[in-house]
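>>> just a sequence and a predicted model for now, questions to come.
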Amino acid sequence: MNSLFYFCFSTDKHSLLYLYTMQSINSNDHLYDCTAVTLLNDTQIDFYSSSDKPRTAKQNWLKNISEPDWKTRTEKLQYDAILLNRLIDIQMSEFGHSNSGKNGCFRLLFSKISTPPAVYMFAKKSVRDSRKLTLTCLITGFYPKDVKMSLRGNSTSLPDHLITSSGVRPNHNGTYQLRKSVEIQEDDKADYYCHVSHSSLTEPVIKQWEPVIKKWGFEQPYQTITLTHSYAGGLPTPTTLYGAVSVQILQADWWNTCLLQAVCAY
């Protein structure tokens, strides 16, 4: 080996690659023919086969290597062939290939379990411009990983250069999540949608964002909710409100102050 590297001294980069191939001769006796090819800078320089000894040179300059060095390399290849023969037997035992005489191919079984994404749309004040909102669509809990999501304004997909994407990220339970955001004017009157396609869905999910509604003194991104119980102060059942999912205090001129701590269906 030292003699071989002697010819490789250079300031340029060189590559030396050994390729080993094992081919069955007699599966009952666990015998395999080992072939070895050496490539120097992608050019074959020698060849060895355990059934056709000894090692043969493929380049004339290799014939200048001394006989002891050539013999040492050949013995190394013979040792490698014995080692690889043993490793193949171990691999066959580990993977249950018993040489039972049955011909055929292994069939890999892949799980086809898939879970659909949960889709959420929400908005908050932009950190860059107080006159704007950052509108976000979040999808989470989906599997497999491949998913398509687009943000649309009035049914038209928003251009990519306006969208900020987190990229698909893993959840702790093996599912995935993705969020995309766009900045819009706070008083924007357009209808915004999140359009999601996934292999677990029979048809795309289209989620519409409901903008902020100012009603009864509180202001935040609202969803329509329905209270399913009666409360003091004359609140009828059921009553549809515009507010956050968690309603704490509601005050109106024709209602008494009510403390509402309820589970709301929406």
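Cool, the structure landed. Note that the structure is a prediction, hence the values are computed from the model and not measured. Numbers count the residues shown, from 1 in each chain.

>>> number of nearby residues for N64?
9 (other Cβ atoms under 10 Å). (Glycine included, C-beta is placed from N, CA and C.)

>>> restricting to C-alpha, output the helix or strand where Y193 lies in PDB.
Per DSSP states H and E, Y193 falls inside strand 192-198. Extracted C-alpha coordinates of strand 192-198, given in PDB (Å, rounded to 0.1, in the frame of the first residue of the first chain):
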ATOM      1  CA  TYR A 192     -59.400  35.600   3.600                       C
ATOM      2  CA  TYR A 193     -59.300  31.800   3.400                       C
ATOM      3  CA  CYS A 194     -56.800  29.000   4.300                       C
ATOM      4  CA  HIS A 195     -56.900  26.300   1.600                       C
ATOM      5  CA  VAL A 196     -55.500  22.900   2.700                       C
ATOM      6  CA  SER A 197     -55.000  19.700   0.700                       C
ATOM      7  CA  HIS A 198     -53.700  16.500   2.200                       C
END
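
>>> who does that strand pair up with?
The pairing partners recorded for strand 192-198 under DSSP bridges are strand 147-153 (antiparallel), strand 205-208 (antiparallel).

>>> could you give the mean pLDDT of the shortest one?
Mean pLDDT, computed over strand 205-208, is 94.

>>> who's in contact with it?
Contacts to strand 205-208, defined as Cβ atoms under 8 Å, 6 or more residues apart in numbering, come from residues P116, P117, V119, Y120, M121, C137, D191, Y192, Y193, C194, H195, V196.

>>> look up how far Q177 lies from the fourth one.
Separation of Y120 from Q177 (Cβ to Cβ, to the nearest Å): 10 Å.

>>> helix, strand or coil for K63?
Under DSSP: H, G, I helix; E, B strand; the rest coil, the three-state class of K63 is helix.

>>> how close does the residue nearest to it when sequence neighbours are not counted get to Y20?
Nearest non-adjacent residue to K63, counting by Cβ to Cβ, 6 or more residues apart in numbering: A57, 5.6 Å away. Remark: distance between A57 and Y20 (Cβ to Cβ) = 18 Å.

>>> the strand holding Y193: which residues count as buried?
Applying a neighbour-count criterion of 16 or more other Cβ atoms under 10 Å, one finds Y192, Y193, C194, H195, V196, H198 buried in strand 192-198.

>>> what does stretch 59-67 give?
Buried residues in stretch 59-67 (16+ other Cβ under 10 Å): L62, I65.

>>> what of stretch 183-191?
By neighbour count on 16+ other Cβ under 10 Å, the buried set for stretch 183-191 is E183, I184.

>>> run through who's touching that stretch.
Contacts for stretch 183-191 (Cβ under 8 Å, 6+ apart): 123, 126, 128-129, 131-135, 153-155, 162, 192, 208-209, 211-212.
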